[in-house]
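1. got a sequence here, can you model it:
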Amino acid sequence: ISNKFLSQLKRNMKLFNIGQRTVKVKQLPVAANHKKFYHGVSKYYDATVSKNRDYEHVASQLSKELGHAEGVMDIGIGTGLVVEHLLKNNPNICITGIDTCQSLLDRAESRLAGKVELHCCSITEFETNKMFDGAYSRGGAWVYTKMGSKMKLASHIYDAVEVQKSFDVVAKYLRPNSKLLISTTNASSNSEFKIDGDITHYRQVSVIEKKGFSFLKMDYSYFKDKLFLERKCMEARLFDEEESWNFLKNAGFVKEVSSSDDFLVFRKL
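-> From the prediction side, this is the model:
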């Protein structure tokens, strides 16, 4: 093997540390956007997100907060896992799902068999002639992340102006007194667990600073035994809780007391 080849191989590898284990995986650039990230890990998506989440419970909490809402926006529907359980609770609810990743939407279409309306676009680009009675983001466009004693809004939308626009778009299509629910998560720590029997998922999370802004960097890797299968990285910009509430206030929302620790609740005036 040539020295040139070994030099290139070394540059393209990095040490990936989870707990007491150290493995080498191919160095890949951070996904240009979350769409490329989710496309890369879409075949492992359901098994990964379902591992430590009770979607029946999540759907139950959503149903409780949304009340008698008939038309609802799912902002970041993914493969439709939440909606599948929502429809079991309320078969008559009309859901419009929005996501930027077509490969995830293909799985949602297969799972939900045409029971929902799906749109492949960013929430900032979403257009419709419908009005809705409620909306939620369950780890979609935005999620509130617990960082120690503080709460941060994490978003794949980096620019503050575009984040404001995303909330403005949701407000535009919500009827007065409708609720917007944004999920909370503790997923800011490293993890390692088995999925699909012999495949292991590794998640390494860190907070980084770039050009004066804070980002949550998520590094996902998948191995079958010791064979490397896939690695993708994604960054989500972190906004202070007060700044995030200003976005929502400017869009015409007020914060309400939530009956669940799983979501923060905002009502459109």
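
2. which residues touch Ser122?
-> Neighbouring residues of Ser122 by Cβ atoms under 8 Å, 6 or more residues apart in numbering: 100, 141, 157, 166. From N, CA and C alone the C-beta is placed, and that goes for glycine too.

3. how far away is it from Met151?
-> Applying Cβ to Cβ, to the nearest Å, the value for Ser122 to Met151 is 24 Å.

4. again, but for Lys64
-> 21 Å.

5. go on, Lys130?
-> For Lys130, the distance to Met151 (Cβ to Cβ) stands at 31 Å.

6. repeat that for Asp54.
-> Distance, Asp54 to Met151, using Cβ to Cβ: 22 Å.

7. now do Gly140
-> Distance check for Gly140 against Met151: by Cβ to Cβ, it reads 17 Å.

8. more crowded one of these two?
-> Gly140 (24 against 15; other Cβ atoms under 10 Å).

9. please identify the buried residues of the biggest strand by length in the chain?
-> Using DSSP state E to define each element, the chain has its longest strand at strand 227-240. Under the neighbour-count criterion of 16 or more other Cβ atoms under 10 Å, strand 227-240 has 230-239 buried.

10. any chance of those in CSV, plus pLDDT and distance to Ala171?
-> Below are the buried residues of strand 227-240 laid out as CSV (pLDDT from 0 to 100; distance: Cβ to Cβ, whole Å):
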residue, pLDDT, distance to Ala171
Glu230, 82, 37
Arg231, 82, 38
Lys232, 78, 32
Cys233, 81, 32
Met234, 83, 27
Glu235, 88, 26
Ala236, 92, 22
Arg237, 94, 21
Leu238, 96, 23
Phe239, 97, 18
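
11. count of neighbours near the spatially closest residue to Val163 that is not a sequence neighbour?
-> Once flanking residues are discounted, Val163 sits nearest to Ile157: 5.0 Å by Cβ to Cβ, 6 or more residues apart in numbering. Neighbourhood size, Ile157 [other Cβ under 10 Å]: 21.

12. next one: Cys120
-> Cys120: 16 neighbours (other Cβ under 10 Å).

13. next one: Gly71
-> Gly71: 19 neighbours (other Cβ under 10 Å).

14. can you name the residues bridging to it?
-> Gly71 forms beta bridges with Cys94, as assigned by DSSP bridges.

15. excluding chain neighbours, give the residue nearest to His57 in space.
-> In space, His57 comes closest to Asp262 once its chain neighbours are excluded; the distance is 8.0 Å by Cβ to Cβ, 6+ apart.
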